[in-house]
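A.B. asks: quick one, fold the following:
(one chain, ligands or ions: 1)
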Amino acid sequence: MTHKKVTAAITAVGGFVPEDKLTNADLEKMVDTNDEWIRTRTGVEERRILRADGLATSDMVVPAVKELCEKRRISPEEIDCLIVGTVTPDMVFPATANIACDKLGAKNAWSFDVSAACSGFLYTLTLGASLIESGRYKKVVVCGADKMSAIIDYGDRATCIIFGDGAGAVLLEPNEEGFGVLDSILRSDGSGCQYLHMKAGGSKKPATIETVMAKEHFVYQEGQAVFKFAVKGMADVSAELLERNNLTGDDIAWLVPHQANKRIIDATASRMGLNPEKVMLNIQRYGNTTAGTLPLCLWDWEKQLKKGDNLVLSAFGGGFTWGATLVKWAY
Ligand code: UT7
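C.D. replies: Numbers count the residues shown, from 1 in each chain. Next up is the predicted model:
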């Protein structure tokens, strides 16, 4: 008897963005910048900010996961495992995924966080798919979520203009018809830490009055350096993924790119030979939500996706971490 290969199909998508908007006009009042510069250099027009006191990343994960459970008509108790990609956990520990499971009533799930910055969703997607492919788990939820406003210095015009808050999640289930996560190339290079990190609050430099005064609990980014690595990294790995699957741009229905900067997205699409109509772009509305960007694209485009569409998800970010994943849409 031959067994069909089991793949992990995405069977539902959920998302959440806070209602509060931070527009380019708002930022003009906060730092020395202007709408024209932000639009042309990044593509961002507004971002969403989770403002209310006491709300955290898990409070965006929960509505995103609830939505996908409702769409798929399952109870959170049916979830076997929840993985959250984030660099803005509710607390250093326990994991945001643990807290979210409690709030969801996902009593039968084991859960943990993955720290891979902007590649957080790609990493959790491949990890979750492997759990399904192993045959041991039937319903795995992977989530990308970040409350970037918690770690952004709104006096630093080089970083505050791009980032925003948001979360997205997908349900993975076994499939024997060849749909779902088909291939993935993931990379990391810790020597990139120098260009993009948070200086204090970890075990290397625990929080003190001095670290707070020196503004070391915010994102530190050397934008130009990251930009150069991102353009090359995201384009290279996306092209490599096409090549090793004997695909060309014509075979791809959608590029689902990390929304860090529209210029990085354009470079990746052009390298893959894709015209702009095939590129998901919502950076103008949400900015860069770090691990949230890819699932929020799927959330926004879900109705336009057709069964059998080939999608390439691609990201580059802190670590450095980067990668590209090929998904055949299942519904
Ligand atoms: O998602 C995680 C990974 N992160 C990324 O992929 C981000 C990659 N980097 C970027 O997207 C871009 O580097 C930024 C959007 C962060 C910055 O854009 P840039 O085109 O690289 O700007 P720059 O840092 O080279 O600065 C160019 C000029 C400078 O002025 P001078 O020295 O030429 O007079 C800056 O001071 O633009 C100035 N500038 C601004 N002007 C108005 C920097 N930020 C601003 C601003 N408004 N907000």
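
A.B. asks: look up phi and psi at residue 10.
C.D. replies: Listed backbone geometry of residue 10 is phi -80, psi 120, with angles given as degrees, to the nearest 10.

A.B. asks: skipping its backbone neighbours, what lies nearest it in space?
C.D. replies: In space, residue 10 comes closest to residue 170 once its chain neighbours are excluded; the distance is 4.7 Å by C-beta to C-beta, 6 or more residues apart in numbering. Yep, even glycine has a C-beta here, placed from its N, CA and C like the rest.

A.B. asks: elements contacting the helix or strand hosting the one you found?
C.D. replies: Residue 170 belongs to strand 165-175 when assigned by DSSP states H and E. Using 3 or more C-beta pairs under 8 Å, 6 or more residues apart in numbering; DSSP states H and E as the contact test, the elements touching strand 165-175 are strand 7-16, strand 46-48, helix 58-72, helix 120-133, strand 140-147, helix 293-301.

A.B. asks: just put the ones you listed in a markdown table and tack on distance to residue 287.
C.D. replies: Output for the helices and strands packed on strand 165-175, formatted as a markdown table (distance: least, C-beta to C-beta, whole Å):
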| stretch | distance to residue 287 |
| --- | --- |
| strand 7-16 | 15 |
| strand 46-48 | 4 |
| helix 58-72 | 14 |
| helix 120-133 | 16 |
| strand 140-147 | 11 |
| helix 293-301 | 9 |
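
A.B. asks: and of these, who's closest to residue 210?
C.D. replies: Taking C-beta to C-beta, strand 140-147 is the member of the helices and strands packed on strand 165-175 nearest to residue 210, at 24.9 Å.

A.B. asks: what does the protein put close to the ligand?
C.D. replies: Within the chain, the residues that sit near the ligand (C-beta under 6 Å from any ligand atom) are 33, 37, 41-42, 118, 157-158, 161-162, 223-224, 226-227, 230, 260-261, 264, 288, 317.

A.B. asks: try it again with 5 Å
C.D. replies: By C-beta under 5 Å from any ligand atom, the residues of the chain that approach the ligand are 33, 37, 41-42, 118, 157-158, 161, 223-224, 226-227, 230, 260-261, 288, 317.

A.B. asks: which of the helices and strands packed on strand 165-175 sits most buried?
C.D. replies: strand 140-147 (a mean of 32; mean count of other C-beta atoms under 10 Å).

A.B. asks: make JSON lines out of the helices and strands packed on strand 165-175 and add mean pLDDT.
C.D. replies: Below are these laid out as JSON lines (pLDDT from 0 to 100):
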{"stretch": "strand 7-16", "mean pLDDT": "98"}
{"stretch": "strand 46-48", "mean pLDDT": "98"}
{"stretch": "helix 58-72", "mean pLDDT": "98"}
{"stretch": "helix 120-133", "mean pLDDT": "98"}
{"stretch": "strand 140-147", "mean pLDDT": "98"}
{"stretch": "helix 293-301", "mean pLDDT": "98"}
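
A.B. asks: return the backbone torsion pair for whichever residue of the stretch 1-150 of the chain sits closest to the ligand.
C.D. replies: Per C-beta to the nearest ligand atom, residue 33 is where the stretch 1-150 of the chain lies closest to the ligand, at 3.3 Å. Here is the backbone geometry of residue 33 (degrees, to the nearest 10): phi -150, psi 180.

A.B. asks: distance-wise, check the closest residue to residue 75 other than its chain neighbours relative to residue 144.
C.D. replies: Of all residues not flanking residue 75 in the chain, residue 69 sits nearest, at 6.7 Å (C-beta to C-beta, 6+ apart). From residue 69 over to residue 144 the distance is 17 Å, taken as C-beta to C-beta, to the nearest Å.

A.B. asks: for residue 58, same thing?
C.D. replies: Per C-beta to C-beta, residue 58 is found 13 Å from residue 144.

A.B. asks: burial measure for the residue of the stretch 51-200 of the chain found nearest the ligand, as a count.
C.D. replies: Nearest residue of the stretch 51-200 of the chain to the ligand: residue 157, at 3.7 Å (C-beta to the nearest ligand atom). Neighbourhood size, residue 157 [other C-beta atoms under 10 Å]: 15.

A.B. asks: now do residue 30
C.D. replies: By other C-beta under 10 Å, the residues close to residue 30 number 13.

A.B. asks: correct me, but it touches residue 154?
C.D. replies: Yes. Between residue 30 and residue 154 there is a contact under C-beta atoms under 8 Å: 5.7 Å.

A.B. asks: quick one: common contacting residues for these two?
C.D. replies: In terms of C-beta atoms under 8 Å, 6 or more residues apart in numbering, residue 30 and residue 154 are both contacted by the residues residue 160.
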